[in-house]
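Engineer: okay, here's the prediction I keep looking at, along with the sequence it came from:
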Amino acid sequence: MILDLPGAERHLIPLALFASRLRAVTGADSDRVALMNFEATALRESYKWTTDVTAGWTALRLYWDAAVMVRGKPLAEARITLNVARAAYSLLAIKQRLVLAATEDGDLLRIIGLSAAERSLVVRGRAIDDSDAADGPARVWHLMGDLCATSSSWESLVEARQYYDEALVRPGLPVAVRESIVASRERVNAQMARSCDKDGA
């Protein structure tokens, strides 16, 4: 994919604008959805590089609108609703005062992200031709854990660990995926240990 090429970060906004202009003149819904998904992905990647809130919010909105358009098409819906969750996580992972203030300290984004991820899991079960079905659910649970881990509340951290555990019991996980989930779980364990130390001080 072009967004994975070296130096692509310099061209993310022009690519997003190009996709937006193409979307304005295309007629088929399937083409519009594909362009919305591409535009949103370019903007989400741009947000990671620039922390420009407008790019992050626009990515989330575009994914959301695309997900609505593909309701009833399990494979497409599973993938795009998962992108909604990823966009919510991207906004939460880079802690910005404006984002946190607009979303009740991130709680609204966590609700959006977790709901979208859960929806992705539900419709994924009907997407029998999904090529990543073997480790797909584990990746979703991993993301759900990461969404919960953006909160410092004890309840959210416990929930994050539960999602990681759910992912880790999935059979046939690729080594890289398993290692990534284990690393996330260890970070949450460390965060919980620090919280206990503070409470005991």
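Structural biologist: Yep, that arrived.

Engineer: spatially central, which residue of the protein would that be?
Structural biologist: For the chain, the residue whose C-alpha lies nearest the mean C-alpha position (C-alpha atoms, centre = their mean) is residue 86; its distance is 1.0 Å.

Engineer: if I pick residue 19, what's in contact with it?
Structural biologist: 35, 36, 38, 39, 42 (C-beta atoms under 8 Å, 6 or more residues apart in numbering). Placement of C-beta: from N, CA and C, glycine included.

Engineer: name the nearest of the residues you listed relative to residue 80.
Structural biologist: residue 36 (8.6 Å; C-beta to C-beta).

Engineer: that closest one touches residue 26, doesn't it?
Structural biologist: No: using C-beta atoms under 8 Å, residue 36 makes no contact with residue 26, being 10.3 Å away.

Engineer: which one of the two has more residues nearby?
Structural biologist: residue 36 (23 against 13; other C-beta atoms under 10 Å).

Engineer: could you report the neighbour count for residue 62?
Structural biologist: Count around residue 62 with other C-beta under 10 Å applied: 28.

Engineer: sticking with it, tell me its helix or strand.
Structural biologist: Per DSSP states H and E: residue 62 is located in helix 53-69.

Engineer: same check on residue 90?
Structural biologist: Per DSSP H and E: residue 90 is located in helix 74-93.

Engineer: and the longest helix anywhere in the chain, average pLDDT?
Structural biologist: Scanning the chain for the helix with the most residues, using DSSP state H, yields helix 175-200. Mean per-residue pLDDT for helix 175-200: 90.

Engineer: from here on, call the first residue 99.
Structural biologist: Happy to do that; since the first residue is 99 now, the last one works out to helix 273-298.

Engineer: quick one: buried residues of that helix?
Structural biologist: For helix 273-298, a neighbour-count test (16 or more other C-beta atoms under 10 Å) marks 275, 276, 278, 279, 282, 283, 286 as buried.
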